[in-house]
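Chemist: Give me a model of this one.
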Amino acid sequence: MQAIPGIHFQVSRKVSTKPDPIGAASTGRHVSRVSLGDWLSGYCDSRYSPSHTTADHACGVSVILEGYLTGIRGVTSLEGSGARNVLEQYLDHGLEFLTRLRGSYTGLILDARNQQAYLFNDRRASRPIFIREDAHGMRAGPELATLARRDPVLTAVDPVSICEFVLFASCYNERTLFDAIRKLPPGSVLSVTPDGRVSRTRYWQLDIDPNRSPGNEDDWVDLALEHMDRACSALRAVLEKPVLLLSGGGDSRALLASLLRTGKPVATVSYGTEAGDDAPIARQLAAATGSPFSYFHIPTDTLHTHFLDAALRSNGQSETVDTPNLGSFYDGLAEHHDGAFQGDKGFCGTPPSGHDDVLIVAGPIGLDRAKRFSDMLETRTRALATESIMHSLAAMREVGRNLHPVDLRDKIYYEQRMSNRQNGFSAMTLRQIEQVRPWLDEDFIDLQFALPPAMRIRKAIVRLMVDRANASLASIPYASKDSIPQANMYRQLIPRQPELAEFIRGQFGEHLDSRLAALFRPEELGRLINSMLAGGSYPVPSRIWWQSVPGSWRFTARRYEGDLIHPVSIVLRLMQINLLLGSFETSVR
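Modeler: Residues are numbered from 1 along each chain as shown. You can find the predicted model right below:
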């Protein structure tokens, strides 16, 4: 399995102590090494050639850039390599130039003039950067597990993050599964000095003007089409053999229309099971436009053979074991394509009923919305996670207290779901192919969040764009159900497939990691697993204060009716964490 391309470096806390040599794994890609004095060393692992990823100036400034640029605000056209453009901008404007960059990248500037190092990412954090600090210094890189393996102390799991992962299929804010490791948030620059001082600043944050003009709907649609075409044109230049991940919904449909307007048709591909209408409608969309189409069938009879691979590819960032054989899908794509257009969106569709509902609609929730999972937690773990998550959710609400509920919903959706959950999934694809995501183009994001809230309810703007851009695509119904495996499908499969059931039993039995097991009441976790393996009814709580009250069964039976997390999702997400922890247990003990 390929590593995620990216920048790796380490810093010693003491100037007199030279960092340990960092070795690059054999990836078949290009590796460029860098250093600054005797206190920083690193390398860039990239699909792009060294002439693109590295640049130096006689004054003592060096740059490495992993990823690509699509533009620089104020610059008519890009000439030369990505790293060379970054170097020239830094020499002319200092770090202020970061606000002007467009693209998907991480970068490192080494300035020998003032003995400073600057690590930065793009506005979407589209390529992962994880950071750990200890008494000896700091390390950074794109692989969470790589940093955790280096020291047994660092593998202490964060109980709050474990709970967030189960609730959200990712962690909130900057957390990771490990106490000692954090991820760099979007639009950030990390400054490091030889004496070990580290400071982080945000050079960009999403800002929504609550008093903006509503404008005219036709004008907004024209602008949206113009921005989408510009983004697709710029991203076409990044790839030689692109493919569009096509679904039956609206986001990739709008991309298909734009790609047809801005150049020759691109290959399209969809994946799924026989359930749902998502993949069949994708086939119709491709046929209506004469676009080459292929379909990857997701088999459901050997899921357990892919679980470990899925957990490792995800790198602990987002849920992938719900569709574990997607790794095989991307391996196959990489044989014929160098990158994939993805229909990510910067906002969701479901309208919130008010400010109290925005978190539920956007994705992040607390333990009060997942009582079954909460009942399974060990008492101290539950108390710690409840308090911490409530604090995080309150902070999310607070920053948008003056915003329209739809604006606040989309702000949280963008800053949490896109920056954490969806970016984690996209990082998995980076192992094999490049990612291009026009819906998250920086200027298009600014436009989307300038739209009136009504145009983002149920993604009205997407359908309006398709209606105006391509009548044949607009006439095809929109899919109503995904074609990928769902929790209820697993509920039916597990009791009928002995090997699948045995695999899950082992993960929560003899192979259950002690760090994970310590967070739960074993009897409650065991009862859920056993009910699922047997295909029986989900268990009710066995130790609630009202259990001794006559007629309490009425309350107990309804306790989980409002849960937002399916019991199967609890099991799959915990199993994914367990598989990741177990994958490097031997190397840290």
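
Chemist: Confirm for me that S41 is in contact with I7.
Modeler: No - applying Cβ atoms under 8 Å as the test, S41 and I7 come out as separate, 11.9 Å apart. In short, each C-beta sits where N, CA and C put it, glycine included.

Chemist: Compare the two (neighbour count), which wins?
Modeler: I7 (28 against 20; other Cβ atoms under 10 Å).

Chemist: Tell me where the model's unsure across the stretch 1-150 of the chain.
Modeler: For the stretch 1-150 of the chain, the stretches with pLDDT under 70 are 14-28.

Chemist: how about the strands in the stretch 401-550 of the chain?
Modeler: Assigned by DSSP state E, counting those that start in this stretch, the stretch 401-550 of the chain shows strands spanning 434-436.

Chemist: Correction: the previous question concerned the stretch 1-150 of the chain.
Modeler: Here the stretch 1-150 of the chain has its strands, by DSSP E, counting those that start in this stretch, at 6-12, 30-36, 40-46, 54-57, 61-72, 101-111, 116-121, 130-134, 137-141.

Chemist: Show me the contact partners of the shortest one.
Modeler: In this case it means strand 54-57. With contact meaning Cβ atoms under 8 Å, 6 or more residues apart in numbering, strand 54-57 is reached by 32, 34, 44, 62-65, 81, 83-84, 86-87, 91.

Chemist: which stretches of the stretch 401-550 of the chain have low pLDDT?
Modeler: Using pLDDT under 70, the flagged stretches of the stretch 401-550 of the chain are 541-550.

Chemist: can you map out the helices along it?
Modeler: 405-412, 423-430, 442-448, 460-469, 471-474, 487-496, 498-507, 514-517, 522-534 (DSSP state H, counting those that start in this stretch).

Chemist: Dump those into JSON lines; add distance to D111 and mean neighbour count as well.
Modeler: JSON lines is the format used below for those (distance: least, Cβ to Cβ, whole Å; neighbours: other Cβ atoms under 10 Å):
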{"stretch": "helix 405-412", "distance to D111": "34", "mean neighbour count": "24"}
{"stretch": "helix 423-430", "distance to D111": "28", "mean neighbour count": "23"}
{"stretch": "helix 442-448", "distance to D111": "25", "mean neighbour count": "19"}
{"stretch": "helix 460-469", "distance to D111": "43", "mean neighbour count": "20"}
{"stretch": "helix 471-474", "distance to D111": "50", "mean neighbour count": "15"}
{"stretch": "helix 487-496", "distance to D111": "51", "mean neighbour count": "16"}
{"stretch": "helix 498-507", "distance to D111": "48", "mean neighbour count": "16"}
{"stretch": "helix 514-517", "distance to D111": "40", "mean neighbour count": "15"}
{"stretch": "helix 522-534", "distance to D111": "51", "mean neighbour count": "17"}
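
Chemist: Reformat the ones you listed as JSON lines; add distance to V540.
Modeler: As requested, those are exported to JSON lines (distance: least, Cβ to Cβ, whole Å):
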{"stretch": "helix 405-412", "distance to V540": "33"}
{"stretch": "helix 423-430", "distance to V540": "33"}
{"stretch": "helix 442-448", "distance to V540": "44"}
{"stretch": "helix 460-469", "distance to V540": "42"}
{"stretch": "helix 471-474", "distance to V540": "48"}
{"stretch": "helix 487-496", "distance to V540": "17"}
{"stretch": "helix 498-507", "distance to V540": "21"}
{"stretch": "helix 514-517", "distance to V540": "22"}
{"stretch": "helix 522-534", "distance to V540": "9"}
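
Chemist: hmm, back to that, let's have the strands of the stretch 1-150 of the chain in CSV, adding distance to I565.
Modeler: Shown next, in CSV, are those (distance: least, Cβ to Cβ, whole Å):
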stretch, distance to I565
strand 6-12, 31
strand 30-36, 42
strand 40-46, 36
strand 54-57, 45
strand 61-72, 34
strand 101-111, 31
strand 116-121, 30
strand 130-134, 26
strand 137-141, 31
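
Chemist: and T379, which of the ones you listed is closest to it?
Modeler: Closest to T379 of those, according to Cβ to Cβ: strand 130-134, at 29.6 Å.

Chemist: who does that closest one pair up with?
Modeler: Take DSSP bridges as the rule and strand 130-134 pairs in its sheet with strand 137-141 (antiparallel), strand 181-183 (antiparallel).

Chemist: can you put the ones you listed in JSON lines and add distance to L359 and mean neighbour count?
Modeler: As requested, those are exported to JSON lines (distance: least, Cβ to Cβ, whole Å; neighbours: other Cβ under 10 Å):
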{"stretch": "strand 137-141", "distance to L359": "31", "mean neighbour count": "22"}
{"stretch": "strand 181-183", "distance to L359": "21", "mean neighbour count": "22"}
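
Chemist: mind putting those in CSV, distance to P539 included?
Modeler: Converted to CSV, these look like this (distance: least, Cβ to Cβ, whole Å):
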stretch, distance to P539
strand 137-141, 42
strand 181-183, 35
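
Chemist: For M418, find the nearest of those.
Modeler: Per Cβ to Cβ, nearest to M418 of the strands paired with strand 130-134: strand 181-183, 13.8 Å.

Chemist: Could you list which residues are in contact with G249?
Modeler: G249 touches 278, 343, 478-479, counting by Cβ under 8 Å, 6+ apart.
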